[in-house]
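Q: Output the structure for:
(one chain, ligands or ions: 1)
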Amino acid sequence: MANQGECPKCGKRVLHVRIENVIGTIGDESSGRCIAYSCIHCNAVLGVQIDPRAKPRSRRKPGATS
Ligand SMILES: [Zn+2]
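A: Numbers count the residues shown, from 1 in each chain. You can find the predicted model right below:
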């Protein structure tokens, strides 16, 4: 059994994802940092989650994202 997911858009195996920093909003207010995973082949967004590195009320940046 293959244990690899496929992109629902382009059908290619998701062996790598592109991670992008995005801002989550509630209504019109930005409420926190999130990260989005997108397919490196077609850029379809595969998932978004709260950035686990982002801490509320902290301006520290772990860096190394770009
Ligand atoms: Zn894709």
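Q: Point out where the chain drops to low pLDDT.
A: Within the chain, the segments meeting pLDDT under 70 span 1-3, 55-66.
Q: Could I get the full set of helices for it?
A: Secondary structure of the chain (DSSP state H): no helices located.
Q: Might you enumerate the residues of it proximal to the ion?
A: Counting by C-beta under 5 Å from the ion, the residues of the chain close to the ion are 7, 9, 10, 39, 41, 42, 44. From N, CA and C alone the C-beta is placed, and that goes for glycine too.
Q: ok, now which ones touch the third one?
A: Contacts were defined as C-beta atoms under 8 Å, 6 or more residues apart in numbering; by that measure residue 10 touches 39, 41, 42, 44.
Q: Recalculate using a threshold of 6 Å.
A: 41, 42 (C-beta atoms under 6 Å, 6 or more residues apart in numbering).
Q: Residue 34 now?
A: Counting by C-beta under 6 Å, 6+ apart, the residues that residue 34 touches are 22, 24, 48, 50, 51.
Q: again, only this time at 10 Å
A: Residues near residue 34 by C-beta atoms under 10 Å, 6 or more residues apart in numbering: 20, 21, 22, 23, 24, 25, 48, 49, 50, 51, 54.
Q: give me the number of residues near the fourth one?
A: The number of residues packed around residue 23, counting by other C-beta atoms under 10 Å, is 10.
Q: Keep only those of the residues of the chain next to the ion that are in strands.
A: residue 39 (DSSP state E).
Q: Out of the residues of the chain next to the ion, who's the most crowded?
A: That'd be residue 39 among the residues of the chain next to the ion, by other C-beta under 10 Å, with 21 neighbours.
Q: That residue contacts residue 14, doesn't it?
A: Yes. Residue 39 lies in contact with residue 14 (C-beta atoms under 10 Å); the separation is 6.4 Å.
Q: Quickly list what's touching both of those two.
A: With C-beta under 10 Å, 6+ apart as the test, residue 39 and residue 14 both reach 6, 7, 8, 46.
Q: Neighbour-wise, give me the winner out of those residues.
A: Greatest neighbour count in the shared contacts of residue 39 and residue 14, by other C-beta under 10 Å, goes to residue 7: 18 neighbours.
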